[in-house]
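Q: Any chance you can model this:
(one chain, ligands or ions: 2)
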Amino acid sequence: MNSPLSAQHSTGEAPAIVLPEPHSIFLARAERFDALALHHSLGEWLGFVGRLSRAQHKALEAAGTDLTPPAAETLERARKHRIPPVSVATFQRPLVWHDILRNIVGDLLENAPIGARETLDALLVTSAEELDKLAEKQLNGEPERADMARLPYIAAAMQVVFTSIASQLDASALPLMEAHSTCPVCGSHPVVSVIRSEGPVAGLRYVHCTLCNTEWQVPHATCVSCGDQERVTLHEVDGDDGIARAESCGACESYMKLIVQGRNVRVDPIADDLASVALDVLVDDAGFVRSGPNYLLIGTEA
Ligand SMILES: [Zn+2]
Ligand SMILES: [Zn+2]
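A: Numbering: from 1, shown residues only. Ligands and ions are numbered 1, 2, ... in the order given. Got it, this is the predicted structure:
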């Protein structure tokens, strides 16, 4: 468990890895979605994903002690070999995730838009075996078109599972992975990077795991995908509020967004990413391919 007085905090030094705060991460995200939804052309959609975040918060709180990290020897072995200790590729998903999914779906059904209702109803009667297959496709496979509507909800439940487990690890005992784009906890890709503005991490850039909400430090002006520092270019939408920018790389032709917390202290990586889809269109049109997924990109059905 992480002690609030662990060495990395008491010295005031910026940690290389920041684990998620399980009691506030999804709630703060829901509030950020609510705020973004107020004056946005996609307000209804953002509001719905905000409700999904709030349902994730409730599901995580309800899961209590059902979600436990791997045994000490497994963690030590991962540290020694510098592999993610809760790797999506090998971690045995606890069966309680089915209940977490049902809790989230049940919450959303109370007041769901017509299009989403059909998908949510279908999820409630999907067999446990099929749910496990969908989870495997979401995390390790190539999702098929027919699964697309259901997968964001599967991913939402998986985010609860992996976030809870990540929050119980000891950040100071975790090594960074060789690639900037590999989460040191679960091995997933980052959704965006954030320039933090508060506390010992102020001014530093962290990337944010799309699955477990862990953040790890990556130097400024460095391509998160390939590490190139020569051909990195910033893009932003004209007349925008300056919160979201995109950093493209001429070496590997990928891009990742950069969320600037100094512009608004309440920014959230997942919410501010979805609220800035116009930026994705701009950088896609310039010929770059997005490097990390946002699992809550719910289709037009909502
Ligand atoms: Zn992760
Ligand atoms: Zn690159």
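
Q: so how many other residues sit close to the nearest residue to A35 once chain neighbours are set aside?
A: Distances taken as CB to CB, 6 or more residues apart in numbering put R266 closest to A35, at 7.0 Å, once the chain neighbours are dropped. Quick note: C-beta positions are derived from backbone N, CA and C, even for glycine. R266: 13 surrounding residues under other CB atoms under 10 Å.

Q: where does the stretch 1-150 of the chain dip in pLDDT?
A: Applying pLDDT under 70 to the stretch 1-150 of the chain flags residues 1-12.

Q: could you show me where the strands are in it, in order?
A: Remark: strands assigned in the stretch 1-150 of the chain by DSSP state E, counting those that start in this stretch are 17-18.

Q: Quick one: the helices in it, in order.
A: 7-10, 25-38, 43-63, 72-81, 97-109, 114-124, 128-140 (DSSP state H, counting those that start in this stretch).

Q: a markdown table please, covering those helices and showing mean neighbour count.
A: What follows is those, written out as a markdown table (neighbours: other CB atoms under 10 Å):
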| stretch | mean neighbour count |
| --- | --- |
| helix 7-10 | 13 |
| helix 25-38 | 20 |
| helix 43-63 | 20 |
| helix 72-81 | 12 |
| helix 97-109 | 20 |
| helix 114-124 | 15 |
| helix 128-140 | 16 |
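
Q: Which of those helices sits closest to ligand 2?
A: helix 128-140 (23.6 Å; CB to the ion).

Q: could you dump that closest one to CSV, C-alpha only?
A: Output in CSV follows, covering the C-alpha atoms of helix 128-140 (Å, rounded to 0.1, in the frame of the first residue of the first chain):
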residue,chain,number,x,y,z
ALA,A,128,-20.8,-14.5,-18.7
GLU,A,129,-18.8,-16.4,-21.3
GLU,A,130,-19.6,-13.9,-24.0
LEU,A,131,-18.7,-11.0,-21.7
ASP,A,132,-15.3,-12.6,-21.1
LYS,A,133,-14.8,-12.9,-24.8
LEU,A,134,-15.7,-9.3,-25.3
ALA,A,135,-13.3,-8.2,-22.6
GLU,A,136,-10.5,-10.2,-24.2
LYS,A,137,-11.2,-8.5,-27.6
GLN,A,138,-11.3,-5.1,-26.0
LEU,A,139,-8.0,-5.4,-24.2
ASN,A,140,-5.9,-7.7,-26.4
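
Q: Cool, thanks, talk later.
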